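A.B. asks: Pasting the sequence and the predicted model now:
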Amino acid sequence: MTARRFDVVVVGGGSAGCVVAARLSEDPARSVLLIEEGQDPRPIPEIIANPRRQGELILESDFVRLYEAERADGSTFPLISGRVLGGGSSVNNLGVMRPLKRDFDAWARFGGPAWSYESLLSAAIALEDDPDFPDSPLHGKGGPLRLNRAWKFDSPSDPPVEAMMAVADQLGIPRCEDMAVPEPYGLCASPYNLVDGKRQSAVNAFLDPARGRPNLTIQANTRATRLMLDGSCVTAVEVAGPDGPERIEAGRVVVCAGAYQTPHLLLLSGIGPADKIERVGLAVRHRLDGVGENFQDHAVVYMTFSGSAGLREDYLIPKVRLFVASTPGMDHGDLHILLHPSIRVPGMAPLLPVSIRLLEDRARGSVWLSSADPADLPAVDPRILSHPTDRTAMLNGMQLLADFVRHPRMAEFYGELVTPGEGESWEEHAVGSHITYNHATGTCRLGQADDPMAVVGPDLRVHGLDNLWLADMSVIPVIPHAPTNLTANLVGSIAARNIAAD
Amino acid sequence: MKLAGQIEIAAPAERVWATINDPVGLAACIPGVQDVRKIDDRTFGGGITAAVGPMEGHFDFSAVIEQSDFPSALVVQMTGTDSVTKSTLLATVTTSLEILGESRTRLAYTATLNVKGRLAILGDMILRATASMMISELVKCLKVRLEPPAGAAAAGAPEAAT
């Protein structure tokens, strides 16, 4: 049997891969294959579509994958990624927030003017359809991704939210109705990916409208196991699918497997730093020292309060967040603070968790091969909260939150602090109990050709290889001050534009 | 995950010891704990119910008294499985008493908790807070049960955890 051949093979149907496959198949003359390791469940099951079932989706379904990671104190916690068509966009909390202007500025220091805010703003706007801001030049109209805000400042609110607004006003925290401004700050109405109450993943928004095209093939339940190289050219992708192993020939390959699996596939293919490849007995095909390095994520620490007498079970805490600076004198926000539903044990006061999410990560973790078997997960050392400045920022954020809820208006609902407990070290609590926002970033970062740790160039083509491209959060050199799903969509659209023009 | 603390109780050490060595009797002091029953001299079973937002879970657990040496060491090993994610929770609780006087006893405890499975996603947020709240309820209840009604002034408040 002769091998199948496609003009473009897209590896990974996540938040970026769905955009790449949809955009590149717009030209009917270009044959595109999208392979996805997870399922392509159709119709989309209720557990994915219904945002009220988010907890079950993460805790019970097969649509997520867990990587066990170690904290600085040696305890372990899981990092989560999507493993289903749509990737993170099929399992995330549906937040759709644009990177800040300062994030684009940081990327432009690695990627040059093509990554500046001015260059990419129009591409970001073109992704969205935001009926809440019909007249704003910062928002899109008629784009594939619908944004909406379940709660706005003029919405009727329950007493805890009224109190939150009053405390914010008294503390001089501004109201932020639009998180897409260049520098959002304050008490924010958060935008979400919901259409008629249902999750709108990258599958719904980007891929479904392209499914009928005869030049687009979508193949789920198929894992890429190796890229075959001939000199500076990728000739084929080896996969393991439902019908066994297959070698698929490709004119171009775009890897969109995410910040864990993209470096994993490159390393399995002999593309990366020699020590990471040779330690499992594989041969180096193309040395690139940055593959698997530069891992970043957002640290998340919970503080839990006991509920006060004023709290009623039916009070709704909507999707409202504080986007504030951890440290006095800082000129931008570096924290998201979110209130969460109560934990209830019969016979006990309700427990009210609040999370502090640090939007910067000064340490750099890494991803490497645990073995040469493609079925084994890569190892991850995230090194979250290992930089002293990050720890200080988190501790300042915890203090800021404690002061906020101890304000008399909030104290009506939020009682005494349960964890960290009285006398417990807040730093030990943060270092020993944090999780992450699950925004893995940076493990195949972009940079110029003379940058030894750059894996792809500003155009997202792998340095030194003619026809291999990467498009997902792995290419982003510095983690944005925002959840990463919209950034992944944007990276997909940039890669598709560059490949189409190549 | 580790929780630790100590309290003073205005009661003789022997009475405190007898109380903490009787899990069936002690269960009434811990919120959410139901159906505690004796399986053999050293083994007990029971359940705990908790809700997180819209999700409700039930833990079935068994507890084994590994060591009981008055007054220095009571070591209890607990194993639980939750109904939602089938994750397992392993806990070791070590309690020791220090005799401060005829009717004054200091109780010190350390609890080590370990979660295997997906519950670890929520683990620290939920377990740490729930466990420390349960322990503080248990401590309050112990004092009420063991101290003479007018004698509360003799004992201090629970001291802090690490």
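C.D. replies: Now that the structure is in, tell me what you want to look at. Numbers count the residues shown, from 1 in each chain, chains lettered A, B, ... in the order given.

A.B. asks: give me the low-pLDDT residue ranges for the chain?
C.D. replies: You didn't pick a chain, so chain A it is. Chain A contains residues with pLDDT under 70 at A:1, A:309-310, A:313-319.

A.B. asks: nope, chain B please
C.D. replies: Counting by pLDDT under 70, the ranges of chain B that qualify are B:53-54, B:123-125, B:150-162.

A.B. asks: just so I have it, where are all the strands in it?
C.D. replies: Using DSSP state E, the strands of chain B run over B:2-9, B:33-38, B:43-52, B:55-69, B:73-82, B:88-101, B:104-116.

A.B. asks: Can you classify the closest residue to A:L171 other than its chain neighbours by secondary structure?
C.D. replies: Leaving aside its chain neighbours, A:L171 sits nearest to A:F404 (7.3 Å; criterion: CB to CB, 6 or more residues apart in numbering or on different chains). Quick note: C-beta positions are derived from backbone N, CA and C, even for glycine. Of the three states, A:F404 takes helix according to DSSP: H, G, I helix; E, B strand; the rest coil.

A.B. asks: Now name the helix or strand holding A:A69.
C.D. replies: strand A:64-70 (DSSP states H and E).

A.B. asks: swap in A:M330?
C.D. replies: According to DSSP H and E, A:M330 maps onto no helix or strand at all.

A.B. asks: Show the backbone phi and psi for it.
C.D. replies: The phi and psi torsions at A:M330 (degrees, to the nearest 10) take the values phi -70, psi 140.

A.B. asks: ok, now the one 5 residues further on?
C.D. replies: With angles defined as degrees, to the nearest 10, A:L335 shows backbone torsions of phi -140, psi 140.

A.B. asks: In contact with it, which residues?
C.D. replies: A:L335 makes contacts with A:L322, A:F323, A:V324, A:A325, A:S326, A:I356, A:R357, A:L358, A:L359, A:A393, A:G397, A:L400, as judged by CB atoms under 8 Å, 6 or more residues apart in numbering or on different chains.

A.B. asks: cool, and A:R213?
C.D. replies: A:R213 neighbours (CB under 8 Å, 6+ apart): A:S25, A:P28.

A.B. asks: Before we go further, it is sitting in a helix, right?
C.D. replies: No. Looking at A:R213 with three-state DSSP, it is coil, so not inside a helix.

A.B. asks: For it, give its distance to A:P378.
C.D. replies: To A:P378, A:R213 is 33 Å away according to CB to CB, to the nearest Å.

A.B. asks: so can I have TSV of the strands of chain B showing distance to chain A and mean neighbour count?
C.D. replies: Shown next, in TSV, are those (distance: least, CB to the nearest CB, whole Å; neighbours: other CB atoms under 10 Å in any protein chain shown):
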stretch	distance to chain A	mean neighbour count
strand B:2-9	8	20
strand B:33-38	8	14
strand B:43-52	4	18
strand B:55-69	5	15
strand B:73-82	9	17
strand B:88-101	13	16
strand B:104-116	9	18
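
A.B. asks: Alongside chain B, which residues does chain A contribute?
C.D. replies: With CB under 8 Å from any CB of the partner chain as the criterion, chain A meets chain B at residues A:52, A:55-56, A:58-60, A:66, A:75-78, A:80, A:302, A:304, A:306, A:340-349, A:351, A:353, A:355, A:418-419, A:421-425, A:428, A:432-435.

A.B. asks: Out of these, which end up buried?
C.D. replies: Buried subset of the residues of chain A next to chain B (neighbour count, 16 or more other CB atoms under 10 Å in any protein chain shown): A:55-56, A:58-60, A:66, A:75, A:77-78, A:80, A:302, A:304, A:306, A:340-345, A:348-349, A:351, A:353, A:355, A:418-419, A:421, A:424, A:432-435.

A.B. asks: The residue nearest to A:L171 reaches A:M410, doesn't it?
C.D. replies: Yes. Proximity of A:F404 to A:M410 meets the contact threshold set by CB atoms under 8 Å, at 6.4 Å.

A.B. asks: Now do the shared contacts for the two.
C.D. replies: Any residue near both A:F404 and A:M410 by CB under 8 Å, 6+ apart counts here, and that gives A:V167.

A.B. asks: now the end-to-end length of stretch A:377-390.
C.D. replies: 28 Å (CA to CA, to the nearest Å).

A.B. asks: how about it: buried residues?
C.D. replies: For stretch A:377-390, a neighbour-count test (16+ other CB under 10 Å) marks A:L377, A:P378, A:A379, A:V380, A:P382, A:R383, A:I384, A:L385, A:S386, A:D390 as buried.

A.B. asks: Stretch A:363-380 now?
C.D. replies: Neighbour counts over stretch A:363-380 (16+ other CB under 10 Å) mark A:A363, A:R364, A:G365, A:S366, A:V367, A:W368, A:L369, A:P374, A:L377, A:P378, A:A379, A:V380 as buried.

A.B. asks: tell me, how many neighbours does A:R406 end up with?
C.D. replies: By other CB atoms under 10 Å in any protein chain shown, the residues close to A:R406 number 15.

A.B. asks: ok, it - contacts?
C.D. replies: Each residue near A:R406 by CB under 8 Å, 6+ apart is listed here: A:Y414.

A.B. asks: For chain B, see how far away it is.
C.D. replies: Per CB to the nearest CB, to the nearest Å, A:R406 is found 17 Å from chain B.

A.B. asks: In chain A, which strand is the longest?
C.D. replies: Ranked by residue count, the top strand of chain A under DSSP E comes out as strand A:244-255.
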